[in-house]
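> requesting a structural model of the entry that follows:
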Amino acid sequence: MTFKKFIKVCLIFISFVIMLHANAKDISNSDNKENPKHYNGLDVFELEYISDPRISPNGKKVIYTLNSNDIMTDKTRSNLWIIDADGKNNRPLLSGKNSFSSARWSPQGDRIVYKSSIDGSTQLYIRWMDTGQTALIRDLKKPPSSLTWSPDGQFIAFTMPVAVKKSKFIKKRKMPKGADWSKPAVVIDTIRYQRDGRGITPPSHSHIFIIPASGGTERQLTSGNFEHNGPLSWSPDNKNILFSANRNEGWERQTIESDIFSIDISGQLKQISSDAGSESSPTYSPDGKKIAYLKTPNLKLTYVKTSLVVMNKDQLQVKLLTGALDQSIDSIKWAGNSKSLYVSYDERAVRHVAQVSLAGKIKTKVKGLSGTTIGRPYVSGSYTVSENDVIAYTKGSATRPADLSVFKSNKSKTLTHVNEDVLGHKTLGEVHEIIYHSSLDGQEIQGWYITPPDFDPNKKYPLIIEIHGGPGLSYGPNFSAELQQMATAGYVIFYDNHRGSKGYGTEFSLLLQYKYSSPDDFADHMSGVDAMIAKGFIDENNLFIAGGSAGGIATAYAVGLTNRFNAAVSVKPVINWISKTLTADSSIYQIRHQFPGWPWEHYEHYWNRSPLSLVGNVKTPTMIMTGENDRRTPISETEQFYQALQLLGVDTMMVRIPESPHGIAGRPSRLLTKIDHTLAWFKRYRTDLDKDRE
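Coordinates of the predicted model:
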């Protein structure tokens with residue numbers, strides 16, 4: 001080789017290395033210039049949040065679950081802490097590298113039952129509160145749920161899956177000794193055969209069990225190939241347990257259908273309700289005279305309101321208590337005197353706890369439950385109430401995940417501040433409300449935007465619109481690790497509760513009936529973008545769009561209707577409703593409530609709502625990201641859009657998350673992966689950056 005050729009080869013090699021470095025840098029961690037005073041991605045491993053607060057029967061103490069992310073195992077760990085209701089004596093109760101959860105006070109307040117995997121699989125344990133001694137109740141075959149003490153403290157009821165025995169379809173052939181044959185075929189003959197996060201599931205059904213609180217052998221009370229659902233409720237005389245189930249013939253193909261049943265400890269079953277629709281979450285009043293439950297009509301609609309109903313124990317009088325409230329009710333709990341109930345409901349992106357009298361009078365007690373979903377700013381939160389009406393609940397804010405609060409004597413007090421060590425010294429993106437009207441029909445839409453740390457209103461900032469899932473869920477002014485990371489990267493983040501979102505009444509929720517996705521919700525989003533630009537600090541030459549699940553559908557649909565965005569990231573989308581409804585785990589419900597009929601009978605309707613029908617219009621560079629084990633929006637949906645965009649020559653990238661189900665952010669590193677790839681993709685198409693310097 002001549003010296004000139006050698007130099008030429010070296011120059012080509014150096015150019016190739018520079019190109020590889022540039023590409024790797026472009027799809028790298030977007031936090032490579034982190035400011036320690038701002039939120040950065042790895043902070044997710046330092047964040048903690050409180051969930052499942054459990055106040056003692058006398059209202060003096062609260063046990064809560066403290067959740068944290070382990071950077072070494074990449075999992076969320078749950079420990080149990082206890083604190084006085086006045087905020088004193090906050091200390092660990094069951095803590096360590098293992099997880100402890102689902103603490104439930106005995107009615108006498110002297111013990112708790114809880115779940116832990118400290119011995120391997122998830123099992124039931126008892127802890128005596130006076131001595132701190134603990135004991136394994138029983139080595140159960142499957143994880144238990146819906147733990148419920150009997151009023152006398154002698155038994156614990158719970159639900160647990162029981163496998164269905166199946167006959168063999170073929171006779172297994174005998175292998176030669178030492179042979180290594182392929183795994184046997186998986187034979188499926190049920191309609192509910194898969195579940196996101198669990199894959200193909202062997203047939204099993206949830207049944208009700210009881211076990212002595214002192215330990216011993218569990219006893220199965222229910223029977224039959226049906227799902228027997230919690231929560232459970234014991235009668236005050238310790239003889240009967242209430243639950244809900246759909247025990248109809250052909251239940252596997254039915255939706256929004258369940259009745260209330262009672263079963264005594266000998267296994268004698270009695271049906272309490274038989275109305276069309278779902279009666280669920282039954283609970284005895286403390287005096288045993290009444291039963292309260294949730295009622296949802298069986299309507300073929302995307303949204304159906306759930307109401308609170310009370311009946312006399314003899315079933316002769318049934319009264320609807322929350323008919324005048326145009327919001328769905330959840331989490332019902334009796335007051336200690338049996339004269340009223342507590343419920344939760346969402347209204348305009350705020351979760352409330354209210355007291356409902358037996359006459360139907362509703363009085364709000366607490367507002368702002370939140371903070372138990374740290375990835376995106378969904379409305380969330382839970383509560384419990386003592387026999388003397390003290391409420392313990394989770395409460396976060398726009399800048400903090402959930403802490404523990406207590407409502408007592410008409411005053412609320414926050415008892416913990418678990419993230420001050422991580423976030424107290426940092427400047428976070430600031431959350432602001434925005435109200436605007438859709439260009440489609442003038443409908444009012446509530447939204448929010450997050451400004452970057454050290455925001456200067458005289459400057460111009462790139463905008464990301466991030467669309468929530470559901471589509472019948474809701475965002476709110478809540479802490480979001482994902483959106484804070486985007487704000488740290490220098491973007492203004494806008495998100496809205498478009499038509500169809502929960503918490504704005506039945507009419508608003510049904511505005512997308514048979515229309516998701518469609519030009520209707522698209523108009524809501526684009527009107528919000530215009531409202532943001534009108535504020536004067538948005539660079540309208542640098543607009544980006546993203547969303548997950550239903551938000552991923554809306555994103556993929558939007559780029560088929562407009563070329564206004566520099567780039568898009570569609571996470572776990574549905575691209576083709578015809579294929580999705582016949583491959584996903586949610587098919588039975590979705591076909592019945594979100595579509596006018598079978599896909600083979602309404603082909604054009606399914607197709608017109610599919611982003612794939614608009615793919616020929618797409619010019620926007622689009623990344624599609626999905627978990628490889630997703631059974632809610634299968635990765636085959638992502639592959640269809642990716643392949644179509646490649647065939648059309650549109651800039652695109654497919655990001656596959658190994659082993660991940662639909663909830664990509666279920667593991668902290670995946671949450672980081674999702675946002676790192678999103679920001680790197682957007683950065684590639686920004687026009688306000690010096691790309692050589694970057």
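> avg pLDDT for whichever helix or strand residue 77 is part of?
Residue 77 is located in strand 75-84, with elements delineated by DSSP states H and E. Averaging pLDDT along strand 75-84 gives 97.
> buried stuff in it?
76-83 (16 or more other C-beta atoms under 10 Å). The way it works is simple: take the backbone N, C-alpha and C, and place the C-beta from them, glycine included.
> cool, and stretch 348-365?
In terms of neighbour count (16+ other C-beta under 10 Å), stretch 348-365 has its buried residues at 349-356, 362, 365.
> mind checking which of those land in helices?
When DSSP state H is applied, these are split such that none fall in helices.
> quote the end-to-end distance of stretch 599-619.
Terminal residues of stretch 599-619 are spaced 29 Å apart (C-alpha to C-alpha, to the nearest Å).
> residue 610: what's it in contact with?
The contact partners of residue 610, by C-beta atoms under 8 Å, 6 or more residues apart in numbering, come to 574-578.
> need the phi and psi values for it.
phi -90, psi 130 (degrees, to the nearest 10).
> separation between residue 91 and residue 55?
Taking C-beta to C-beta, to the nearest Å as the measure, residue 91 falls 16 Å from residue 55.
> out of these two, which sits in the busier spot?
Set residue 91 next to residue 55 and count neighbours by other C-beta atoms under 10 Å: residue 55 wins out with 25 against 9.
> wait, the more buried one sits on residue 61?
Yes. With contact taken as C-beta atoms under 8 Å, residue 55 and residue 61 are classed as touching, separated by 7.4 Å.
> need the residues touching each of these two.
Counting by C-beta under 8 Å, 6+ apart, the residues touching both residue 55 and residue 61 are residue 85.
> so who does the spatially closest residue to residue 110 that is not a sequence neighbour touch?
Once flanking residues are discounted, residue 110 sits nearest to residue 129: 5.7 Å by C-beta to C-beta, 6 or more residues apart in numbering. Going by C-beta under 8 Å, 6+ apart, residue 129 touches 109-112.
> do you know how far residue 71 is from residue 44?
Distance of residue 71 to residue 44, computed by C-beta to C-beta: 9 Å.
> let me fix that, I meant to ask about residue 224.
44 Å.
> check residue 66 too.
On the measure of C-beta to C-beta, residue 66 and residue 44 end up 16 Å apart.
> show me the strands in the stretch 101-250 of the chain, by range?
111-116, 123-128, 134-138, 145-149, 155-163, 194-195, 199-200, 204-212, 219-220, 228-234, 240-245 (DSSP state E, counting those that start in this stretch).
> sheet partners, orientation included, of the last one?
This means strand 240-245. According to DSSP bridges, strand 240-245 forms sheet pairs with strand 228-234 (antiparallel), strand 259-264 (antiparallel).
> ditto for the fourth one
Based on DSSP bridges, the strands next to strand 145-149 in the sheet, each with its direction, are strand 155-163 (antiparallel).
> tell me the average confidence for the partner strand?
97.
> now stretch 468-484
97.
> quick one, which of residue 66 and residue 44 is more surrounded?
Using other C-beta under 10 Å as the criterion, residue 66 and residue 44 rank with residue 44 on top: 23 against 20.
> sec struct for that one, please.
Look at residue 44: counting by DSSP: H, G, I helix; E, B strand; the rest coil, its state is helix.
> so it sits right up against residue 671, yeah?
Yes. Using C-beta under 8 Å, residue 44 makes contact with residue 671 at a distance of 6.0 Å.
> who touches both of those two?
With C-beta under 8 Å, 6+ apart, residue 44 and residue 671 have common neighbours residue 481.
> ok but residue 310 is inside a helix, no?
No. With three-state DSSP as the criterion, residue 310 is strand rather than part of a helix.
> picking that back up, considering the contacts of residue 129, which possesses the most neighbours?
Ranked by neighbour count (other C-beta under 10 Å), the contacts of residue 129 have residue 112 at the top, with 25 neighbours.
> among the buried residues of stretch 348-365, which are located in strands?
Per DSSP state E, strands hold the following members of the buried residues of stretch 348-365: 350-356, 362, 365.
> tell me the one of those residues nearest residue 171?
Closest approach to residue 171 among these (C-beta to C-beta): residue 351, at 56.3 Å.
> the closest one: what's it in contact with?
Applying C-beta under 8 Å, 6+ apart, the residues near residue 351 are 344-345, 367-370, 379-381.
> so which residues of the stretch 151-300 of the chain form helices?
Here the stretch 151-300 of the chain has no helices by DSSP state H, counting those that start in this stretch.
> can you check the stretch 401-550 of the chain too?
Secondary structure of the stretch 401-550 of the chain, counting by DSSP H, counting those that start in this stretch: helices at 420-423, 481-488, 506-509, 519-533, 550-558.
> burial count for residue 72?
Residue 72 has 7 nearby residues by other C-beta under 10 Å.
> for it, helix, strand, or coil?
When classified by three-state DSSP, residue 72 comes out as coil.
> low-confidence stretches in the stretch 201-350 of the chain?
The model of the stretch 201-350 of the chain has no residue with pLDDT under 70.
> centroid residue for this protein?
Nearest residue to the geometric centre of the chain (C-alpha atoms, centre = their mean): residue 373, 7.2 Å.
> who's in contact with it?
380, 478.
> would it count as being in a strand?
No. Under three-state DSSP, residue 373 sits outside any strand and is assigned coil.
> between residue 71 and residue 44, which contacts overlap?
residue 668.
> how about the contacts of residue 351 in TSV, adding secondary structure and neighbour count?
Listed next are those as TSV, based on DSSP: H, G, I helix; E, B strand; the rest coil; neighbours: other C-beta atoms under 10 Å:
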residue	secondary structure	neighbour count
344	strand	21
345	strand	23
367	strand	14
368	strand	20
369	strand	24
370	coil	28
379	coil	25
380	coil	22
381	coil	29
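> redo the residues you listed as TSV? Include distance to residue 415.
Converted to TSV, these look like this (distance: C-beta to C-beta, whole Å):
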residue	distance to residue 415
344	20
345	24
367	17
368	15
369	15
370	16
379	22
380	19
381	15
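> for those, which one is nearest residue 657?
Using C-beta to C-beta, residue 380 is the member of those that sits closest to residue 657, with 23.1 Å.
> so where's the stretch 351-500 of the chain uncertain?
In the stretch 351-500 of the chain (pLDDT under 70), no residue qualifies.
> what ranges do the strands span in it?
Remark: strands assigned in the stretch 351-500 of the chain by DSSP E, counting those that start in this stretch are 362-369, 383-385, 391-395, 403-408, 411-414, 430-437, 444-451, 461-467, 492-497.
> for residue 249, find the nearest of the ones you listed.
Distance to residue 249, taken as C-beta to C-beta, is lowest for strand 383-385 among the strands of the stretch 351-500 of the chain, at 37.6 Å.
> can you give the contact residues for that closest one?
Contacting residues not belonging to strand 383-385 are listed as 53-55, 331, 333, 335, 342, 344, 353, 366, 369, 391-394 [C-beta under 8 Å, 6+ apart].
> residue 495 reaches residue 446, doesn't it?
No. Using C-beta under 8 Å, residue 495 is not in contact with residue 446, being 10.2 Å away.
> who has more neighbours, the two?
Neighbour count, other C-beta under 10 Å: between residue 495 and residue 446, residue 495 has more, with 27 against 21.
> show me what counts as buried in stretch 234-252.
Buried positions in stretch 234-252, judged by neighbour count with 16+ other C-beta under 10 Å: 234-236, 240-247, 251.
> okay, those in TSV with distance to residue 182 next?
Output for the buried residues of stretch 234-252, formatted as TSV (distance: C-beta to C-beta, whole Å):
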residue	distance to residue 182
234	50
235	53
236	57
240	51
241	46
242	48
243	42
244	43
245	39
246	38
247	39
251	35
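> lovely, talk soon.
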